[in-house]
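**Student:** Would you be able to build a 3D model of this:
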Amino acid sequence: MAITAGMVKELRDQTGAGMMDAKKALTETEGDMQAAVDWLRAKGLAKAAKKSGRVAAEGLVGVAVEGGVGVAVEVNSETDFVARNAEFQSMVAEIARAALGVAGDVEAVKAAPMGGKTVAEIVTDKVATIGENMTVRRSARLEADVVAAYVHNAVAPGMGKIGVLVGLKSTGDAEKLAALGRQIAMHVAATNPASLSEADLDPALVEREKQVLTEQARESGKPDAVIEKMIVGRLNKFFQEVCLLKQAFVVNPDLSVEKAVKDAESDVGAPIAVTGFARLEVGEGVEKEDEDFAAEVAKTLGR
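**Tutor:** Now for the predicted structure:
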C-alpha cells in the first residue's frame, strides 16, 4: 500500500512521533493506522510524545570548541536527577560535538547527523528510555581567530548550568588570547551583559530605559537643561551596567573590560578585538512549575 503524506501527518498528530518514525511505522504495518500507533508505542516512540507536554526546565548546557569555532547547546530535561545521569551527559556532549558541523540555529542542530540518526531522533529515543521529556532548546555558535569557553557549575568536562563563548580577533599569541578569553567568559557568566557594546543594544531597550530615566529626572523638579544632563549621565551609567566592554572587569574591577583587553595587547603582542559572546543558562526564561522535593523524586521513579 502506498504511504501518503496525509497518512504520515495523521499518525504524527496522533502520536507526536517524528516524520521518519511515523512513515516507517506505516510501512511496517502496511498502512494500518491503529497498528502503526501500536507499533510506535511498542518502540517507545509514542510514549515519548506523551511526555512532550511536560515542562523541561532543568538540564545542561554543553560547549565544544574546535579551531576557531565554538558552540553552546542547551539540552533540557524535567528534573535535575536526569541532568546528573551519565547517559544524559554523554548525549549532551555528543550533541555539542555534532553542533560544530552545522549552522548555529537550533533547528540546524536538531537536524545534525549523530550516530546514524539526527540529533532530534536521538533525543526522542532517550525520552523513551530515560522516561522524561527532553528538548534541545537553544544553541549558539561563534567563529573567530580564538574562541574561548567557560562552563559554570560544571558537572562534567564541557557541560554545566551556564555555558559561555567569547570570540577574539588578533594575530597575537593564541595561548595568551585563550587565557584572556576564558577570563572574559567567566566575567560574562557572572554579569550576564545584554550586549557587547552600546551599538549592539536593542534600540527598544534603550528607548524604554530612557523614558524611565526621563520620568525619574522630571520628578526632581529641576530645569529642563539640568534634566537633560541628568538623563545623559544616567544613560551612560546604564550602558556601563549592561554592555560587556563598558562593564567593570570582575578580574580587576578598577578596569573596564575594554581597558583590560587594551592592556593585554602588549602581552599578547598584537591588537585585540572582542568580536562577540554567547551565554546560555539552563532554564532561562522557562516558567517552571513549583514542585517539592518528594514529588520530584517520585516523578523520577515513575510513580
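
**Student:** Quick one: residues contacting Tyr23.
**Tutor:** Careful, residue 23 is Lys and not Tyr. Residues counted as contacts of Lys23 (C-beta atoms under 8 Å, 6 or more residues apart in numbering) are Ile3, Val8. From N, CA and C alone the C-beta is placed, and that goes for glycine too.

**Student:** Ala72 belongs to a strand?
**Tutor:** Yes - with DSSP: H, G, I helix; E, B strand; the rest coil as the criterion, Ala72 is part of a strand.

**Student:** So what sits opposite it in the bridge?
**Tutor:** Per DSSP bridges, the residues bridged to Ala72 are Val63, Ala140.

**Student:** so how far is Arg141 from it?
**Tutor:** For Ala72, the distance to Arg141 equals 8 Å [C-beta to C-beta, to the nearest Å].

**Student:** what touches both of the two?
**Tutor:** In contact with both Ala72 and Arg141: Ala278, using C-beta under 8 Å, 6+ apart.

**Student:** what helix or strand does Glu121 sit in?
**Tutor:** Element membership of Glu121, judged by DSSP states H and E, is helix 119-130.

**Student:** Measure how far that helix is from the centre of its chain, please.
**Tutor:** On the basis of C-alpha atoms, centre = their mean, to the nearest Å, helix 119-130 sits 19 Å off its chain's mean C-alpha point.

**Student:** Pull the residues that contact that helix.
**Tutor:** So helix 119-130 is contacted by 17-18, 20-21, 43-45, 47-48, 51-52, 75, 77, 82, 85, 87-88, 91, 94-95, 98-99, 109-112, 114-115, 117, 133-136 (C-beta under 8 Å, 6+ apart).

**Student:** Same check on stretch 260-279?
**Tutor:** Outside of stretch 260-279, the residues within contact range by C-beta under 8 Å, 6+ apart are 72, 140-142, 144, 162-173, 176-177, 180, 184-185, 188-189, 192-193, 196, 244-245, 249, 251-252, 255, 257.

**Student:** What about those residues, which are in helices?
**Tutor:** Lys176, Leu177, Leu180, Ile184, Ala185, Val188, Ala189, Val257 (DSSP state H).

**Student:** Mind picking the two most distant members of these?
**Tutor:** Across the ones in helices among the contacts of stretch 260-279, no pair lies farther apart than Lys176 and Ala189, at 20.6 Å, counting by C-beta to C-beta.
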